[in-house]
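1. what follows is a protein structure lacking sequence information:
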């Protein structure tokens with residue numbers, strides 16, 4: 001495995017003479033970078049019990065013969081010279097750590113390709129070259145290698161920055177996870193194209209979508225490979241919120257109702273807030289950050305008309321800039337009064353609505369308001385988890401003993417619960433119809449974007465019977 005600049009003199013430096021057999025090019029002993037964070041002890045024990053093959057055990061730790069024929073490779077010293085413009089001082093802790101980062105970056109780039117891919121590629125190179133030399137006069141089949149300039153053409157310094165980022169303390173793992181670390185490449189790309197390296201070229205496709213040209217190394221092949229290898233090495237820990245169920249919501253209603261009867265007005269307001277938050281999130285399958293976008297004026301506007309309908313419902317009106325939208329937009333979602341579990345949505349929403357109108361004198365603005373500003377999910381999450389603890393105490397059969405309170409959250413518990421509760425009970429057509437307001441593609445073609453509140457209501461009114469079918473199965 002040869003350095004790309006093997007026997008090539010560059011700038012003031014002598015020709016590089018560094019080469020390795022694959023397994024000898026290993027991670028350094030002081031390498032601190034996270035490896036397979038998503039693997040728990042039970043998985044590690046299973047690997048040991050299954051006698052994992054030695055080449056698999058070396059995954060991400062050493063190179064393979066032929067890696068340099070699949071992924072561009074420059075040795076640690078050449079990369080240091082490219083990035084820093086000088087030779088390293090081994091007495092410098094920073095220089096030594098930079099070499100550790102370079103070695104890790106090279107190994108990550110190598111391991112973006114599987115063992116069989118590298119092995120088969122090397123064999124094919126050897127067979128084809130032997131055949132060409134045997135039957136033809138061609139002698140230079142393998143393309144020329146080398147980086148004649150002392151320049152970081154691959155983007156190693158940006159990989160170093162990304163690697164250093166991965167050492168930060170994580171939330172669910174010892175170090176941050178890949179989805180957080182990869183944002184380093186994003187800001188570098190943005191800064192690159194905002195600076196002197198901006199390329200004023202674009203590509204227009206037949207479908208009217210646009211692609212833009214960038215000279216930033218973070219969008220080039222080598223950086224992408226090194227990032228892919230880094231992601232595979234780090235592993236991933238995915239922790240989902242525990243889903244709400246209709247039984248949990250009804251247990252919360254039982255506890256909240258008894259507490260509300262004995263509470264003062266301030267405490268009643270807090271109880272109504274958390275119960276309304278849960279009702280909106282569960283009955284409308286809303287994300288936690290979307291609930292504060294519910295409009296008080298919209299609820300009041302359609303309250304009487306929706307309540308007097310032969311099949312009564314609550315018209316939830318949301319206003320704001322949702323995921324994938326460029327402008328503030330109105331959306332309307334119905335909550336039927338009659339659901340399979342008899343969810344008390346109208347009970348709690350009407351109590352809070354009465355409080356806002358009669359006691360607080362408000363008829364517009366956000367339905368959820370804290371300290372004079374639109375409420376945030378985090379301001380209600382603590383009370384929600386307190387209520388979950390009470391449910392586990394007073395209704396122990398409702399929540400599994402294995403379910404941890406901290407895994408319940410207004411962020412996604414309601415939406416996950418609604419998704420699970422409707423799966424297999426309503427048709428895909430109704431689910432798609434109910435969720436179509438989220439889809440950017442649907443918004444572009446439906447003409448709903450930019451409509452007023454009344455126009456939005458009329459826009460969805462024709463599909464109201466079908467939309468209500470979603471909530472009725474809850």
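-> Thanks, I have the structure now. Predicted model only: the values in this text are computed from it and were never measured. Residues are numbered from 1 along each chain as shown.
2. point out where this protein drops to low pLDDT.
-> Segments of the chain classed as low confidence (criterion: pLDDT under 70) are 37-57, 203-210, 321-328, 433, 435-461.
3. and the strands in it?
-> Using DSSP state E, the strands of the chain run over residues 202-204, 210-212, 313-320, 329-336, 369-370, 373-374.
4. tabulate the ones you listed (a markdown table), appending mean neighbour count and distance to residue 83.
-> Any C-beta I mention is one placed from the backbone N, CA and C, and that applies to glycine too. As requested, these are arranged in a markdown table below (neighbours: other Cβ atoms under 10 Å; distance: least, Cβ to Cβ, whole Å):
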| stretch | mean neighbour count | distance to residue 83 |
| --- | --- | --- |
| strand 202-204 | 9 | 31 |
| strand 210-212 | 9 | 27 |
| strand 313-320 | 22 | 45 |
| strand 329-336 | 23 | 47 |
| strand 369-370 | 15 | 49 |
| strand 373-374 | 12 | 47 |
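5. got those as TSV, with distance to residue 97 columns?
-> TSV is the format used below for the strands of the chain (distance: least, Cβ to Cβ, whole Å):
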stretch	distance to residue 97
strand 202-204	40
strand 210-212	35
strand 313-320	46
strand 329-336	49
strand 369-370	46
strand 373-374	45
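6. among those strands, which is nearest residue 267?
-> Closest approach to residue 267 among the strands of the chain (Cβ to Cβ): strand 369-370, 15.0 Å.
7. nearest residue to the residue nearest the centre of the chain in space, please, no chain neighbours.
-> Residue closest to the mean C-alpha point of the chain, counted by Cα atoms, centre = their mean, is residue 179 at 6.0 Å. For residue 179, ignoring the flanking residues on the chain, the nearest one in space by Cβ to Cβ, 6 or more residues apart in numbering is residue 236 at 7.9 Å.
8. list phi and psi for that neighbour.
-> The phi/psi pair for residue 236 (degrees, to the nearest 10) reads phi -150, psi 130.
9. count the residues that sit near it.
-> Using other Cβ atoms under 10 Å, residue 236 has 13 other residues around it.
10. so how far is residue 419 from it?
-> Using Cβ to Cβ, to the nearest Å, we find residue 236 at a distance of 22 Å from residue 419.
11. related to what we said a few turns ago, closest to residue 31 out of the strands of the chain?
-> Distances from residue 31 to each of these were compared by Cβ to Cβ, and the smallest falls on strand 210-212, at 36.5 Å.
12. ok, back up a step: the residue nearest to residue 179 reaches residue 178, doesn't it?
-> Yes: at 6.5 Å, residue 236 and residue 178 qualify as touching, with contact defined as Cβ atoms under 8 Å.
13. report the buried residues of stretch 383-395.
-> The neighbour-count criterion (16 or more other Cβ atoms under 10 Å) identifies 383, 384, 385, 387, 388, 390, 391, 392, 395 as the buried residues of stretch 383-395.
14. any idea which of the residues you listed is closest to residue 272?
-> Distance to residue 272 across the buried residues of stretch 383-395 (Cβ to Cβ) is lowest for residue 383, with 10.7 Å.
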